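Engineer: just coords:
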């Protein structure tokens, strides 16, 4: 089983911060989201 994300977009107010993001998550694997402190990683989904 997989979770497939295609063409993900995200806006904060009128500012587009993600555009055209694609990825796949496979069952049984562990994934992490990396980025700078204060980069709003917890607000993406």
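Structural biologist: Looks like it came in fine. All figures in this text were calculated on a predicted structure; none of them were measured in a lab.

Engineer: where does pLDDT dip in this structure?
Structural biologist: Scanning the chain for pLDDT under 70 picks out the ranges 40, 43-45.

Engineer: now the strands: where do they sit in it?
Structural biologist: Applying DSSP state E to the chain gives strands spanning 2-12, 15-26.

Engineer: make TSV out of the ones you listed and add distance to residue 38 and mean neighbour count.
Structural biologist: Quick note: C-beta positions are derived from backbone N, CA and C, even for glycine. Below are the strands of the chain laid out as TSV (distance: least, Cβ to Cβ, whole Å; neighbours: other Cβ atoms under 10 Å):
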stretch	distance to residue 38	mean neighbour count
strand 2-12	13	10
strand 15-26	13	10
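
Engineer: and residue 36, which of those is closest to it?
Structural biologist: Among those, the nearest to residue 36 by Cβ to Cβ is strand 15-26 (13.3 Å).

Engineer: residues contacting that closest one, please?
Structural biologist: Residues outside strand 15-26 that contact it (Cβ atoms under 8 Å, 6 or more residues apart in numbering): 1-11, 31, 40, 44.

Engineer: turn those residues into CSV, columns for distance to residue 17.
Structural biologist: CSV is the format used below for these (distance: Cβ to Cβ, whole Å):
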residue, distance to residue 17
1, 29
2, 25
3, 21
4, 21
5, 16
6, 18
7, 15
8, 11
9, 9
10, 5
11, 7
31, 20
40, 8
44, 9
